[in-house]
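Asker: Would you be able to build a 3D model of this:
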Amino acid sequence: MIEVESWVTLNFFTSILLILLLIFQNKSSRLQKGKNYSAILKCTLILLLSESIGRIGEQYPNKYLFLAQIGYFLIFLLDPLDILYAIYYMDGWMDDGNKRARVIFRISFELFAITNIVLVAIAAIWKKRWFFYFEDGIYYRGSLFYQRAIFLMIFICLLLVYAVVFRNNFESEYKQMILFLPGLSFVGSVLQVFLANLDTTYAGISLGCLILFFFYQSKDVNIDYLSGVLNRRGLDIKLQQMVKNSIALGKDFCAVMIDIDNFKDINDSLGHAAGDKAIKVVADNLVDIFGADSYIGRFGGDEFCVVVEDMTKAEVSKKVETFKGSITKAKRRYNWPKNVGVSCGYEEYNHGSGLDLMEFQQTIDRLMYIEKQKHHNKSLKYD
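Answerer: The predicted structure follows:
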């Protein structure tokens, strides 16, 4: 009977779990928090595979020592990024409260990750024995190994501290289960100290990601199932929050309303599958052009809305023109009917205007329909 080592079994099943989560996650969300969730999965999977090939190389140094060198290099280089992506992910579920304190917290994590990458890269290029090295095929810990390990453990602890200290900033329906990610990551890292032959840190992170997938990533009530961006409920919550913050803090923002012109013609001429594809293409282009710092949602049917902070109306105008150009290219690529296009209305919310959420929505909606009518009139002229 072949005896399989415990680390092989744990790493195998943890890898399968991460791969399955990646497959399902790629279909569930195009929002930035979804991308950060995917980044955690990918980073953990790379680290787990690196650890596995490192062990193989270490067990068979005469033939596969290079695998150990590559595997352990990647682990030392990338493992702080797992913590950083977890911070980014949790931050995506928070409101705008305590923003300055959270930014300081995030910067400290970023500095640690960048410093680690630089030092590990220098050690590898100039063959410094700072973190690990091999001599006669045997793995040895370097002069800075324990200092780095202590810092890493501190930052894993701080991940849990971050979630607890700022727990009141989590959106109410996500406040409880979100703590599983930092909590299980911390438990896994503690167990790693006592079970050095098992990769419990990565297993803990993976288990936390599994729980989050079932409770949030696959069932987020604020995500539109087809496009992967915010739905009407998510948009209304975000816009209401933005209006309140603007009035309280005197900080204005911009919003864009988008409608797909003659969307019905896509369904009629190419089928409903093509119509669904068009919805996804428009959502993808909005995410790519307006970026991670914007809030993008499907307002309903073939209408979308984009809410942006820290961007002037002139800058939004340029983004809108870029978006229109991308849809023109998509129309040629997917052979949509010639009269298909997009109409956009955008405006800056002025904190002194006294407009409530509904009034501001009506403003940008009216501007969008003015442009839509121009497109309609132009189409009639050339028919």
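Asker: domains for this protein, by residue range?
Answerer: Under automatic domain parsing, the residue ranges defining each domain of the chain are 6-217, 232-382.
Asker: quick one: the helices in the stretch 251-383 of the chain?
Answerer: Taking DSSP state H, counting those that start in this stretch, the helices of the stretch 251-383 of the chain run over residues 263-270, 272-290, 313-334, 357-382.
Asker: swap in the stretch 101-250 of the chain?
Answerer: Applying DSSP H, counting those that start in this stretch to the stretch 101-250 of the chain gives helices spanning 145-165, 180-194, 200-212, 232-249.
Asker: Of the ones you listed, which shows the lowest average pLDDT?
Answerer: Of all these, mean pLDDT reaches its minimum on helix 180-194 (a mean of 81).
Asker: Quick check, Leu184 in contact with Tyr202.
Answerer: No: judged on Cβ atoms under 8 Å, Leu184 makes no contact with Tyr202 at a distance of 10.9 Å. Yep, even glycine has a C-beta here, placed from its N, CA and C like the rest.
Asker: higher neighbour count, the two?
Answerer: Applying other Cβ atoms under 10 Å to Leu184 and Tyr202 shows that Tyr202 carries more neighbours, namely 27 against 23.
Asker: show me what contacts the more buried one?
Answerer: Tyr202 makes contact with 11, 14, 44, 47-48, 51, 188 under the criterion Cβ atoms under 8 Å, 6 or more residues apart in numbering.
Asker: Repeat that for Arg232.
Answerer: Contacts of Arg232 by Cβ under 8 Å, 6+ apart are 297-300.
Asker: Mind doing that once more with 10 Å?
Answerer: Each residue near Arg232 by Cβ atoms under 10 Å, 6 or more residues apart in numbering is listed here: 222, 224, 297-300, 303, 305.
Asker: go on, Asp356?
Answerer: 240, 243, 247, 362.
Asker: Please identify which of the residues you listed is nearest to Phe145.
Answerer: Phe145 lies nearest to Gln240 out of those, by Cβ to Cβ, at 50.6 Å.
Asker: Would you mind stating the distance between that closest one and Leu20?
Answerer: Going from Gln240 to Leu20 by Cβ to Cβ, to the nearest Å gives 36 Å.
Asker: Repeat that for Lys324.
Answerer: Here the criterion is Cβ to Cβ. By it, Lys324 lies 39 Å from Leu20.
Asker: who's more crowded, the two?
Answerer: Lys324 (16 against 13).
Asker: Roughly how far does the more buried one sit from Arg167?
Answerer: With Cβ to Cβ as the criterion, Lys324 and Arg167 are 42 Å apart.
Asker: ditto for Arg55
Answerer: Per Cβ to Cβ, Arg55 is found 37 Å from Arg167.
Asker: neighbour count winner among the two?
Answerer: Higher neighbour count among Arg55 and Arg167: Arg55, with 21 against 14, using other Cβ under 10 Å.
Asker: Next up, the contacts around that one.
Answerer: 5, 7-8, 11, 67-68, 71-72, 139, 197, 199.
Asker: Strands along the stretch 51-200 of the chain, start to end?
Answerer: Along the stretch 51-200 of the chain, counting by DSSP state E, counting those that start in this stretch, strands occupy 132-135, 138-141.
Asker: Local confidence estimate at the nearest residue to Asn62 once chain neighbours are set aside?
Answerer: Among residues not flanking Asn62 along the chain, Gly137 sits closest, at 6.8 Å (Cβ to Cβ, 6 or more residues apart in numbering). Per-residue confidence (pLDDT) for Gly137: 86.
Asker: Trp32: what's it in contact with?
Answerer: To be clear, residue 32 is Gln; Trp isn't right here. Contacts of Gln32 by Cβ under 10 Å, 6+ apart are 88-89, 91-92, 287, 291-296.
Asker: Report the buried members of those.
Answerer: Buried by 16 or more other Cβ atoms under 10 Å: 88-89, 91-92, 287, 294-296, out of the contacts of Gln32.
Asker: got those as JSON lines, with pLDDT and distance to His375 columns?
Answerer: What follows is the buried ones among the contacts of Gln32, written out as JSON lines (pLDDT from 0 to 100; distance: Cβ to Cβ, whole Å):
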{"residue": "Tyr88", "pLDDT": "90", "distance to His375": "39"}
{"residue": "Tyr89", "pLDDT": "87", "distance to His375": "40"}
{"residue": "Asp91", "pLDDT": "86", "distance to His375": "39"}
{"residue": "Gly92", "pLDDT": "79", "distance to His375": "35"}
{"residue": "Val287", "pLDDT": "87", "distance to His375": "24"}
{"residue": "Ser294", "pLDDT": "86", "distance to His375": "24"}
{"residue": "Tyr295", "pLDDT": "88", "distance to His375": "26"}
{"residue": "Ile296", "pLDDT": "90", "distance to His375": "22"}
